[in-house]
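Undergrad: Sequence below, structure please.
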Amino acid sequence: MIIFAEDDNIRLDNYLSEAIPDLSRSKIQNYIKSGNVKINDTLKKPSYLLKENDKIEISFPSEQALNIIPQNIVLDIVYEDENMLVVNKPSGMLTHPTVSERENTLVNALLYKYGNNLSDINGEFRRGILHRLDRNTSGLLMIAKNNQAHEFLAEQIKNHSVIKKYRAVVKGVIKDDEFEINLPIGRDTKAPHKMAVNDDGKESITIVKVLERFKEHTYVELTLITGRTHQIRVHLSHIKHPIYNDTLYGAGKGKVKTQEQVLQSFFLRFTKPFGGEIMELEIEPDEKVGKVLKFLRSEKCR
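TA: Residues are numbered from 1 along each chain as shown. Presented below is the predicted three-dimensional model:
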């Protein structure tokens, strides 16, 4: 497993508990203490804080079988070739299994359709996965079919040459037409399940562009320069414009009911594996975004 920026500063035992849901946290801690887990070829404690580009190697006892159930879940495939695909993940679906949820994730669906024809660099429970979207964030995700393609695409993500654009509806009226948010993000010391802007965090840059203004809300396009966990949600919340229905980051519930945050990854630009061909993929606003925009536009006309 190679650690990406979004998993930076997470405890080793916590990361593996999420990555390998068939094992309890206590069992994982025992594996680490017994020397079955190495970070960059060295032994670490369960409390070790992971760093971007760390390489995790795990040696499981022979009797330990780690399985994930392939499930026949329809995939919305936007692009596919012999080395990769791009899927449109729906809101409400986890990208990969967790300790508490092991079924109905994108990985379950990928395993049913592609079996072992997926990269395994990030472990069995993250087969093919290059980057993630939060459960309630919909949109475009790149999937690698083999390890060579995985490394090719992961290098682009690492170097920030992959362009990712999102659309969102936020609370409040944003005055500036376009601006950059450059604020470091790290774990929230008071709530470990959240991220926050803090001086000890990693560099995080989001470009905000206003698409449409309403009475009390703004429709925006967001370009990620970096890719930290919850980056867009944290940045917008910090400038007092949390995403519509994002209850975790202070938006509260809006008049239009949706599955949490109204946020969609709608555009990807990347270099196709093993060549110089540039791919640009874009999808239409999803049902959640459209539903909120329809309401706000009708409200605007009153």
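Undergrad: can you give me the helices for the stretch 51-200 of the chain?
TA: Using DSSP state H, counting those that start in this stretch, the helices found in the stretch 51-200 of the chain span residues 106-114, 147-158.
Undergrad: Chain neighbours aside, what residue packs nearest to residue 255?
TA: The shortest distance from residue 255 to any non-neighbouring residue, by Cβ to Cβ, 6 or more residues apart in numbering, is to residue 295 (6.9 Å). Every residue, glycine included, has its C-beta placed from N, CA and C.
Undergrad: Which parts of the stretch 1-150 of the chain are strands?
TA: Taking DSSP state E, counting those that start in this stretch as the test, the strands found in the stretch 1-150 of the chain are 37-39, 42-43, 56-58, 77-80, 84-89, 138-144.
Undergrad: just how off-centre is the shortest one within its chain?
TA: Taking Cα atoms, centre = their mean, to the nearest Å, one finds the center of strand 42-43 at 28 Å from the center of the full chain.
Undergrad: can you list the strands of the stretch 1-150 of the chain in a markdown table and add distance to residue 157, mean neighbour count and mean pLDDT?
TA: Below are the strands of the stretch 1-150 of the chain laid out as a markdown table (distance: least, Cβ to Cβ, whole Å; neighbours: other Cβ atoms under 10 Å; pLDDT from 0 to 100):
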| stretch | distance to residue 157 | mean neighbour count | mean pLDDT |
| --- | --- | --- | --- |
| strand 37-39 | 21 | 18 | 91 |
| strand 42-43 | 25 | 10 | 91 |
| strand 56-58 | 18 | 16 | 87 |
| strand 77-80 | 17 | 14 | 98 |
| strand 84-89 | 13 | 21 | 98 |
| strand 138-144 | 8 | 25 | 98 |
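Undergrad: could I get the ones you listed as TSV with distance to residue 199?
TA: Listed next are the strands of the stretch 1-150 of the chain as TSV, based on distance: least, Cβ to Cβ, whole Å:
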stretch	distance to residue 199
strand 37-39	26
strand 42-43	29
strand 56-58	28
strand 77-80	39
strand 84-89	33
strand 138-144	31
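Undergrad: Relative to residue 200, which of those strands is closest?
TA: strand 37-39 (20.8 Å; Cβ to Cβ).
Undergrad: my guess is the residue nearest to residue 255 meets residue 262, correct?
TA: No: Residue 295 lies out of contact with residue 262 (Cβ atoms under 8 Å); the separation is 10.9 Å.
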